[in-house]
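Trainee: Mind folding the following:
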Amino acid sequence: MTEVLNEQRPASWLSAIWAARYRTPARFVALVALLLPWSTTGVTFALVPWLIAFAFVDLRNFPRSLLRPICLLPIGLFVLAVVGTLWSEASWSERLHAIGPPAKLLVIPLLIYQFERWPYGKWVFAAFLVSCTLLMLYSFAVAIDPRLSLKLYLSRGPYQVESGIAVRNYIDQSQEFALCAIALVYPIVTLFREGRVRIAALFVVLAIGFLANMMFVVVSRTALVTLPVLLVVFALLHLRWRTALLAAGATALVAVSLWTVSPHLRATVAKFQGDYERSMENNNNSISGMGSRLEYWRKSLRFIADAPLIGHGTGSIRGLFASVASDAEIDPLRGEIVSNPHNQTLSVAVQWGVLGVLMLYALWFAHLLMFRGEGLACWIGMLVVVQNMLSSLFNTHLFDFTAGWLYVLGVGVAGGMALAKKSQS
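Mentor: Below you'll find the model as predicted:
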């Protein structure tokens, strides 16, 4: 493993205390993973004891660990956000608020350092899988009776009870279920190859449950776009070409069957075309999901052209949209004022220009390279990065709370595990 595991440990009853010194931080990270699908407040509170416990581990090699690109780039993007406040024309409250989303990236180097040294990363994966399984089962119950939704009790502001949405929103729920369903493919294949059929069958049931919830209860269009791509990535990385062709045929057959039996899936896909047609009608000022995104992207490109190198500064997006907004009563679509252009690249480019975009893509690329190789950690890490890159075409998922923390936990924990395995080989 590493130098921490090779240290001479005291004997007798002190050994238990010594072991707990390294297990405790991992348990708190597992708690964060357990709470993430359910509660933003719970995640925030669980991070505090983890940071305290992390401060008591051996940090002698931590400064050297930070010098690697996988750690420097998350720190660099946060520093750019802080420095970007200096040339922003937004109010200081907006500037400081905009620093918060990239601040979570600072946790990635801490997690990499921790799980590169202490072999408890599977606790985190197991906690997240168990939590999402409970959420999936509860979602089926809410689909039967929407009054069971926890949004009735946990929402701080106006809310709308939706069928199948247990907490938060359908986008976060779909991202989590899609991640679990595809992540389970690797252990399922591995377990079947090893002859451990019972455990593999259990994972198959869970994967089917996640997919069934997405197909028959509720699913985001972003998840529908990313799912096929993630399956292709798995086939290219982990299957022989003949097996990959058979898997592609089986997947196509399943997709056709689901299309036939799932009216919810057909309605979700049909919404793509409906939104596009509405957005293309020049005399139709009604707001649609795709129409809004196209308008956000068009305006964002104009803002980028005005300040291409270093952007308009941290927290400037809302003010820029307000400066070009039309009368909302006359033109609702062009009168929208938002602080999120629903595209990660555009969000970074508007605030920090080409410099920010180069740093963003370097971060993604460095983390992808970290997960070259075989093993569960490499597969989960690769999956998390690819999913984030794809979903960030339609959202700012690196900066959003749930999707952003999924990235931080996935890259940090799986990255530490993958680096530990490579150091042993």
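
Trainee: now what about stretch 69-78, what contacts it?
Mentor: 65-66, 99, 102-103, 105-106, 108-109, 112, 356, 359-360, 362-363, 366-367, 370, 415 (C-beta atoms under 8 Å, 6 or more residues apart in numbering). Backbone N, C-alpha and C define where each C-beta goes, glycine included.

Trainee: Now the buried members of the residues you listed.
Mentor: Listed as buried from those are 65, 102, 105, 108-109, 112, 356, 359-360, 363, 366-367, 370, 415; burial here means 16 or more other C-beta atoms under 10 Å.

Trainee: Next, give me the two most distant ones among those.
Mentor: When C-beta to C-beta is used, the two most widely separated members of the buried ones among the contacts of stretch 69-78 are 65 and 356, lying 24.6 Å apart.

Trainee: and the gap between residue 299 and residue 95?
Mentor: To residue 95, residue 299 is 20 Å away according to C-beta to C-beta, to the nearest Å.

Trainee: next one: residue 351
Mentor: Per C-beta to C-beta, residue 351 is found 10 Å from residue 95.

Trainee: Next: residue 54.
Mentor: Using C-beta to C-beta, residue 54 is found at 29 Å from residue 95.

Trainee: after the strand or helix carrying residue 114 comes which helix or strand?
Mentor: If you go by DSSP states H and E, residue 114 is part of helix 107-117. Note on helix 107-117: by DSSP H and E, the next helix or strand toward the C-terminus is helix 121-144.

Trainee: tilt between that following helix and helix 107-117?
Mentor: 120 degrees (axes from the mean of the first three to the mean of the last three C-alpha atoms, to 10 degrees).

Trainee: Now find how far off-centre helix 121-144 is within its chain.
Mentor: Offset of helix 121-144 from its chain centre (C-alpha atoms, centre = their mean, to the nearest Å): 16 Å.

Trainee: so where do the helices sit in the stretch 51-200 of the chain?
Mentor: 62-65, 69-83, 92-103, 107-117, 121-144, 151-154, 170-183, 185-193, 197-216 (DSSP state H, counting those that start in this stretch).

Trainee: on that earlier part again, run through who's touching the helix holding residue 114.
Mentor: Outside helix 107-117, the residues touching it (C-beta under 8 Å, 6+ apart) are 1-5, 22, 25-26, 29, 47, 51, 54, 57-58, 61-62, 65-66, 70-71, 74-75, 121, 124, 408-409, 411-413, 415-417, 419-420, 423.

Trainee: mean confidence for that helix?
Mentor: Across helix 107-117, pLDDT averages out at 94.

Trainee: same thing with stretch 149-167?
Mentor: 65.

Trainee: Quote the end-to-end distance of it.
Mentor: By C-alpha to C-alpha, to the nearest Å, the extent of stretch 149-167 from end to end equals 7 Å.

Trainee: one step back: residue 403: which of the helices of the stretch 51-200 of the chain is closest?
Mentor: Residue 403 sits nearest to helix 170-183 of all these, at 5.6 Å, using C-beta to C-beta.

Trainee: What angle do helix 197-216 and that closest one make with each other?
Mentor: Going by the same axes, to 10 degrees, helix 170-183 makes 150 degrees with helix 197-216.

Trainee: heads up, I number from 3, so please use that
Mentor: Done: numbering now begins at 3, and the last item shifts to helix 172-185.

Trainee: Checking residue 375 next. Helix, strand or coil?
Mentor: coil (DSSP: H, G, I helix; E, B strand; the rest coil).

Trainee: Would you mind measuring from it to residue 360?
Mentor: Per C-beta to C-beta, residue 375 is found 26 Å from residue 360.

Trainee: neighbour count winner among those two?
Mentor: Higher neighbour count among residue 375 and residue 360: residue 375, with 15 against 12, using other C-beta atoms under 10 Å.

Trainee: Can you tell me how far the more buried one is from residue 308?
Mentor: 43 Å.

Trainee: count of neighbours near the nearest residue to residue 127 once chain neighbours are set aside?
Mentor: Sequence neighbours aside, residue 382 is the residue nearest to residue 127 in space, at 6.7 Å (criterion: C-beta to C-beta, 6 or more residues apart in numbering). By other C-beta under 10 Å, the residues close to residue 382 number 27.

Trainee: What's the first helix or strand after the helix or strand that contains residue 300?
Mentor: Here residue 300 is covered by helix 291-308, with elements defined by DSSP H and E. Per DSSP H and E, helix 291-308 leads on to helix 319-325 as the next helix or strand towards the C-terminus.

Trainee: How about residues contacting that following helix?
Mentor: By C-beta under 8 Å, 6+ apart, helix 319-325 touches 91-92, 96, 100, 298, 301, 305, 314, 338-343, 349, 352-353.

Trainee: residues of that helix that come out buried?
Mentor: Of the residues in helix 319-325, 319, 320, 321, 322, 323 count as buried by neighbour count, 16+ other C-beta under 10 Å.

Trainee: Switch those residues over to CSV; also include pLDDT and distance to residue 216.
Mentor: Shown next, in CSV, are the buried residues of helix 319-325 (pLDDT from 0 to 100; distance: C-beta to C-beta, whole Å):
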residue, pLDDT, distance to residue 216
319, 93, 31
320, 90, 32
321, 90, 37
322, 90, 35
323, 87, 32
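
Trainee: quick one: which of these is nearest residue 177?
Mentor: Among these, residue 319 lies closest to residue 177 (C-beta to C-beta), at 22.5 Å.

Trainee: Quickly note the distance from that closest one to residue 92.
Mentor: Distance from residue 319 to residue 92, counting by C-beta to C-beta: 8 Å.

Trainee: any shared contact partners between the two?
Mentor: Common neighbours of residue 319 and residue 92 (criterion: C-beta under 8 Å, 6+ apart): residue 100.

Trainee: need the contact list for residue 394.
Mentor: Neighbouring residues of residue 394 by C-beta under 8 Å, 6+ apart: 345, 346, 347, 400.

Trainee: Can you work out which residues contact both of residue 353 and residue 97?
Mentor: Residues touching both residue 353 and residue 97 (C-beta under 8 Å, 6+ apart): 90, 315, 316, 317.

Trainee: Between those, identify the one with the most neighbours.
Mentor: Looking at the shared contacts of residue 353 and residue 97 with neighbours defined as other C-beta under 10 Å, the largest count falls to residue 316 at 26 neighbours.

Trainee: so that residue makes contact with residue 97?
Mentor: Yes: look at residue 316 against residue 97 with C-beta atoms under 8 Å: they come within range, at 5.1 Å.

Trainee: Secondary structure element holding residue 397?
Mentor: Judged by DSSP H and E, residue 397 forms part of no helix or strand.
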